[in-house]
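[1] would you be able to build a 3D model of this:
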Amino acid sequence: MKSWSVGVIGLVCLAATVAGAYSSPQILLAVAVLTAAGVGIGWPHFLGIPARKTLAVLIGLPGVGSAVAASYLPAPGFLDWTPSFMAVGVMAIFVMQLIRGTGQAQRLESTLGSCAGVLLSCLGAGWIASSRFNGVREMLLVAAISAAIALMAGLIRWPDRIVAPLGIVGAGLAGPLAGLVFSDIAVLPAALAGIVVGAVLVSFRRLVVLGGEGLGLLAAVGMGLGPVSAVGSLAYFIDKLLIY
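    Model prediction:
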């Protein structure tokens with residue numbers, strides 16, 4: 001698949017997340033569970049590491065558990081169990097690598113890359129936390145719009161030295177504009193949220209570029225959903241630290 005398909009998958013995930021947040025908690029949970037499963041299945045394919053089926057389970061299940069916990073834990077501890085799911089996932093990755101034994105191919109790359117996948121899978125619960133926080137979804141919408149602008153900038157087939165600043169600046173401007181139009185969020189927190197979200201997404205774009213044009217479907221899914229998942233927790237903590 002072409003590298004631009006990764007951005008399209010991310011945009012679809014963002015649209016589904018916003019639609020779920022404004023429809024019902026059950027739909028948002030379903031979107032978060034599917035996102036975690038997609039990261040789990042696709043991330044090992046993007047990394048090109050062995051034992052992909054086993055790693056898909058070990059990466060995806062912690063994210064699913066984190067999303068379910070964020071949906072049902074009482075306020076304000078929406079993400080209280082998320083670090084535990086991350087820890088269990090990382091430990092499971094290490095145990096699995098020990099079982100594989102020494103001398104296995106790409107053992108170090110598999111361990112480190114899979115641990116990163118666990119973190120990405122679990123961070124998607126932040127979208128649920130952001131939606132439940134104070135019963136207000138304003139920061140979720142601001143983060144989603146900023147992320148969409150950064151992803152669309154990443155679709156432009158220009159060098160990173162041009163696309164990266166363009167994506168960050170565009171997301172940083174989109175945040176305050178979305179805040180002014182759709183919410184009462186102050187300009188500074190909205191701009192900070194946009195800049196941080198844009199920086200994260202354009203950083204992942206570099207990984208896609210390094211991967212070349214030969215991405216398979218599952219690899220594109222994992223790489224498209226991973227950074228969008230991470231943005232959810234960023235939005236939640238920015239909302240909690242700077243706005244609440």
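[2] in which helix or strand does Ile41 reside?
    Following DSSP states H and E, the helix or strand that holds Ile41 is helix 25-47.
[3] can you give me the buried ones in that helix?
    28-29, 31-47 (16 or more other CB atoms under 10 Å). Bear in mind the C-beta positions are built from the backbone N, C-alpha and C, glycine included.
[4] for the worst-scoring helix or strand of the chain on mean pLDDT, the distance to its chain's centre please.
    In the chain, the helix or strand scored least confidently by mean pLDDT, DSSP states H and E is helix 187-211, which has a mean of 86. Here the centre of helix 187-211 is set off from its chain's centre by 11 Å, with CA atoms, centre = their mean, to the nearest Å.
[5] so it versus helix 25-47, what angle?
    With axes from the mean of the first three to the mean of the last three CA atoms, to 10 degrees as the basis, helix 187-211 and helix 25-47 are set at 40 degrees to each other.
[6] mind giving me the packing neighbours of the helix or strand following helix 187-211?
    Once helix 187-211 ends, the next helix or strand along the chain (criterion: DSSP H and E) is helix 217-238. Other helices and strands packing on helix 217-238, by 3 or more CB pairs under 8 Å, 6 or more residues apart in numbering; DSSP states H and E, are helix 4-21, helix 25-47, helix 107-123, helix 125-132, helix 138-154, helix 187-211.
[7] how about JSON lines for the ones you listed, with distance to Gly77 added?
    Below are those laid out as JSON lines (distance: least, CB to CB, whole Å):
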{"stretch": "helix 4-21", "distance to Gly77": "19"}
{"stretch": "helix 25-47", "distance to Gly77": "16"}
{"stretch": "helix 107-123", "distance to Gly77": "15"}
{"stretch": "helix 125-132", "distance to Gly77": "9"}
{"stretch": "helix 138-154", "distance to Gly77": "18"}
{"stretch": "helix 187-211", "distance to Gly77": "22"}
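[8] re the thing from before, immediately after the helix holding Ile41, which helix or strand?
    Next helix or strand after helix 25-47 toward the C-terminus (DSSP H and E): helix 52-72.
[9] who are the packing partners of that following helix?
    Where contact means 3+ CB pairs under 8 Å, 6+ apart, helix 52-72 is packed against helix 25-47, helix 82-100, helix 107-123, helix 125-132.
[10] pull the distance from the second one to the chain's centre.
    Spelled out, that is helix 82-100. That offset, for helix 82-100, works out to 19 Å (CA atoms, centre = their mean).
[11] before we move on, what about stretch 108-117?
    Centroid separation between stretch 108-117 and its chain, computed with CA atoms, centre = their mean, is 16 Å.
[12] okay, now Ile185: neighbour count?
    24 (other CB atoms under 10 Å).
[13] give me the three-state assignment for it.
    coil (DSSP: H, G, I helix; E, B strand; the rest coil).
[14] for Ala148, see how far away it is.
    Ile185 is 17 Å from Ala148, where distance means CB to CB, to the nearest Å.
[15] if we can go back for a sec, can you pull the buried residues of the least confident helix or strand of the chain?
    For helix 187-211, the neighbour count (16+ other CB under 10 Å) marks 189-202, 204-205, 208-209, 211 as buried.
[16] isn't Gly20 right up against Thr35?
    No. With contact defined as CB atoms under 8 Å, Gly20 does not reach Thr35; the gap is 10.2 Å.
[17] related to what we said a few turns ago, how far off helix 138-154 does the least confident helix or strand of the chain point, in degrees?
    Going by the same axes, to 10 degrees, helix 187-211 makes 40 degrees with helix 138-154.
[18] counting by contacts, list what helix 187-211 packs against.
    Short answer (3+ CB pairs under 8 Å, 6+ apart): helix 187-211 packs on helix 4-21, helix 138-154, helix 160-182, helix 217-238.
[19] sweet, I'm off.
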